[in-house]
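A.B. asks: no FASTA, just this:
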């Protein structure tokens, strides 16, 4: 658009807003109008078709919403069609400038308009002011200030996608799916995600009070002390010759942390790996690709599909599986979102490992940060993620191969064990004295347990419920976690079963 046209539409918009403000009526002079084919793309649908073929399927990225904007008749008659929406916007701008109860600077009005448009597109697009842009940079670098949660806006409130391991939010007991309704006694319905983040952030050692809605429970308060968030994205342990790798987020250090684990351990002695990405709220696309590449020997990792060629890409693994093809189980749940979903989809579709858990979150969109200046930027959704088999992750998530809800494993305390060696005059009982002693000790524990009164009625039900979560058991030693965390127990048993079957198969071939 030329400078002359821009000047013209601003002048016309100002004149129209002044006319209307001074008593001019638009009543009975408006008609419904659909956006012209030449209009710029917005939250309304674009009239020209825009489709891509993904592995034989046609994916239509047109918005389902129809434009219901009503253009005043006087604008229709006096302004060229391709400029009518811009003039109408300028007219609204004029109304706000002259009539709004509080005086606003033009810059304030413009910033609010930009933020409003972006936040209405989807939960992940937004305007990044100076504070938000700086925080985003710090977060992807692996160190930032705040509570340590990934959030999204849900019906005007803040929905927690997942807390990050060992952060103030995690230690305070916040969970994936919690709804933040108040921040410091302020009702926060209707604010943008960027505004929400600003309210949650603050100087280290300062406190923030949250009012949380969790499922059917009544609202309850949580006070959290802010801190500098230093993310250790990869934690590793080895138990029973099985490598356990916990990935809490996909930041710039994740690939490096995994490669260090591989370098520091003799993989010939390991019988398999368990990758735990439950309650992993996301991270960087490049890291999701490079982490997947570690475990794959070629093949597609993920496809991104947008409206432009630049925003549509395929990512492939290089030759060479750094983990030597060791049996692999990946743990996911509803808190597994975005980058870890790419990883899980790549492992599943390339038949590299078994996915265990529950359906993941389903955040399969790509956001591009577009700097507007050195200190501000747009965060705009530009594409969607597709697994190697062509399944769209957005709103679908990753389905596990073996579905297993989180459950607490509790051993019965009142079960008596009867075996041959404890019977009177049992045959060869003298040879089985060790087994008899073990069985009798187990039964003694059961008797002791029965003699003790339960004190469950004295327990705080909120605390007891909080203890029965995957995040609580993550704080325990790995051996204890496996004994109590059903999903983790199932993952380790799957590796053991695969290894046992493999050894049986090898012996059969030797014969």
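C.D. replies: Nice, I can see it. From a predicted model like this one, the values you see are computed outputs, not experimental measurements. Numbering: from 1, shown residues only.

A.B. asks: from here on, contacts and neighbour counts on C-alpha atoms
C.D. replies: Will do.

A.B. asks: biggest strand in this structure by residues?
C.D. replies: Longest strand of the chain, by residue count under DSSP state E: strand 377-386.

A.B. asks: Quick one: name whatever helix or strand follows that one.
C.D. replies: strand 402-403 (DSSP states H and E).

A.B. asks: what's that following strand packed up against?
C.D. replies: In terms of contacts (3 or more CA pairs under 8 Å, 6 or more residues apart in numbering; DSSP states H and E), strand 402-403 is packed against strand 354-357.

A.B. asks: Run through who's touching whatever helix or strand comes next after the strand it packs on.
C.D. replies: For strand 354-357, the following helix or strand on the C-terminal side (DSSP H and E) is strand 365-371. For strand 365-371, the surrounding residues in contact (CA atoms under 8 Å, 6 or more residues apart in numbering) are 124-125, 304, 338, 377-385, 393-394.

A.B. asks: How about stretch 156-170?
C.D. replies: 147-153, 174-181, 188-191, 193, 196, 224-227, 229, 231, 248-249, 279-281, 335-337, 471.

A.B. asks: And the average pLDDT for the helix or strand harbouring residue 343 is what?
C.D. replies: In this structure, residue 343 sits in helix 339-349 according to DSSP H and E. For helix 339-349, the mean per-residue pLDDT is 98.

A.B. asks: the inter-axis angle of it versus strand 365-371?
C.D. replies: 140 degrees (axes from the mean of the first three to the mean of the last three CA atoms, to 10 degrees).

A.B. asks: I'd like the distance between residue 396 and residue 157.
C.D. replies: Taking CA to CA, to the nearest Å as the measure, residue 396 falls 22 Å from residue 157.

A.B. asks: Looking at these two, which is more packed in?
C.D. replies: Shown here are residue 396 and residue 157; by other CA atoms under 10 Å, residue 157 has more neighbours (20 against 14).

A.B. asks: So in terms of bridging, what pairs with the more buried one?
C.D. replies: Listed by DSSP bridges, the beta-bridge partners for residue 157 are residue 154.

A.B. asks: Let me see the domain layout of the protein.
C.D. replies: 3-121, 126-141+143-230, 234-403, 420-510 (automatic domain parsing).

A.B. asks: longest helix of the protein?
C.D. replies: When the chain is parsed with DSSP state H, its longest helix is helix 486-510.

A.B. asks: on contacts alone, who are the packing partners of that one?
C.D. replies: Short answer (3+ CA pairs under 8 Å, 6+ apart): helix 486-510 packs on strand 272-276, strand 328-332, strand 354-357, helix 478-484.

A.B. asks: The first one versus helix 486-510: what angle between them?
C.D. replies: Same thing as strand 272-276. 160 degrees.

A.B. asks: Note down every partner strand of strand 272-276 and its orientation.
C.D. replies: strand 242-247 (parallel), strand 328-332 (parallel).

A.B. asks: since we're on the nearest residue to residue 383 once chain neighbours are set aside, how many residues are nearby?
C.D. replies: Leaving aside its sequence neighbours, residue 383 sits nearest to residue 306 (CA to CA, 6 or more residues apart in numbering; 4.0 Å). The number of residues packed near residue 306 is 22, by other CA under 10 Å.

A.B. asks: Help me confirm that residue 306 comes into contact with residue 384.
C.D. replies: Yes - assessed by CA atoms under 8 Å, residue 306 is found in contact with residue 384 at 6.5 Å.

A.B. asks: ok, back up a step: from the contacts of stretch 156-170, which would you call buried?
C.D. replies: With burial judged by 16 or more other CA atoms under 10 Å, the buried subset of the contacts of stretch 156-170 is 147-153, 174-181, 188-189, 193, 196, 224-227, 229, 231, 248-249, 279-281, 335-337, 471.

A.B. asks: got any ranges where the chain has weak pLDDT?
C.D. replies: Residue ranges of the chain with pLDDT under 70: 1-66, 139-145, 412-417, 421-422, 429-472, 507-511.

A.B. asks: all helices of the stretch 1-150 of the chain, in order?
C.D. replies: Assignment of helices within the stretch 1-150 of the chain using DSSP state H, counting those that start in this stretch yields the ranges 3-21, 73-78, 84-99, 106-121, 130-140.

A.B. asks: Off-centre distance for the second one?
C.D. replies: Its chain's average C-alpha position is 47 Å from that of helix 73-78, according to CA atoms, centre = their mean, to the nearest Å.

A.B. asks: do stretch 275-283 as well
C.D. replies: 8 Å.

A.B. asks: can you list contacts of it?
C.D. replies: Here stretch 275-283 has contacts from 140, 150, 161-164, 176, 244-251, 328-340, using CA under 8 Å, 6+ apart.

A.B. asks: follow-up on the earlier one: point out the most buried one among the strands paired with strand 272-276.
C.D. replies: strand 328-332 (a mean of 26; mean count of other CA atoms under 10 Å).

A.B. asks: Run through the residues that contact the most centrally placed residue in the chain.
C.D. replies: Nearest residue to the geometric centre of the chain (CA atoms, centre = their mean): residue 337, 2.9 Å. By CA under 8 Å, 6+ apart, the contact set of residue 337 is 161, 279, 280, 281, 282, 360, 361, 362, 363, 364.

A.B. asks: out of those residues, who has the most neighbours?
C.D. replies: Going by other CA under 10 Å, residue 280 tops the contacts of residue 337 with 31 neighbours.

A.B. asks: Phi and psi next, for that one.
C.D. replies: Here is the backbone geometry of residue 280 (degrees, to the nearest 10): phi -100, psi 110.

A.B. asks: Can you tell me how far it is from residue 367?
C.D. replies: Distance from residue 280 to residue 367, by CA to CA: 18 Å.

A.B. asks: Likewise for residue 147?
C.D. replies: Residue 147 sits 22 Å away from residue 367, going by CA to CA.

A.B. asks: Also residue 487?
C.D. replies: From residue 487 to residue 367 the distance is 31 Å (CA to CA).

A.B. asks: Next: residue 193.
C.D. replies: Taking CA to CA, one finds residue 193 at 14 Å from residue 367.

A.B. asks: Residue 91 now?
C.D. replies: 31 Å.

A.B. asks: now swap in residue 260 and tell me
C.D. replies: In terms of CA to CA, residue 260 sits 30 Å off from residue 367.

A.B. asks: Specify which residue of those two has the higher count of neighbours.
C.D. replies: Shown here are residue 260 and residue 367; by other CA under 10 Å, residue 367 has more neighbours (17 against 12).

A.B. asks: Need the nearest residue in space to that one, chain neighbours excluded.
C.D. replies: residue 381 (4.3 Å).

A.B. asks: Helix, strand or coil: sort out the residue nearest to the centre of the chain for me.
C.D. replies: Counting by DSSP: H, G, I helix; E, B strand; the rest coil, the backbone at residue 337 sits in coil.

A.B. asks: what's the distance between it and residue 218?
C.D. replies: 27 Å.

A.B. asks: cool, and residue 407?
C.D. replies: In terms of CA to CA, residue 407 sits 23 Å off from residue 218.

A.B. asks: Look at the two and report which has more neighbours.
C.D. replies: Using other CA under 10 Å, the more surrounded residue of residue 407 and residue 218 is residue 407, with 14 against 8.

A.B. asks: Pull the contacting residues for the nearest residue to the more buried one once chain neighbours are set aside.
C.D. replies: Nearest residue to residue 407 in three dimensions, chain neighbours excluded: residue 486, at 5.3 Å (CA to CA, 6+ apart). Contact partners of residue 486, counting by CA under 8 Å, 6+ apart, are 404, 405, 406, 407, 408, 409.
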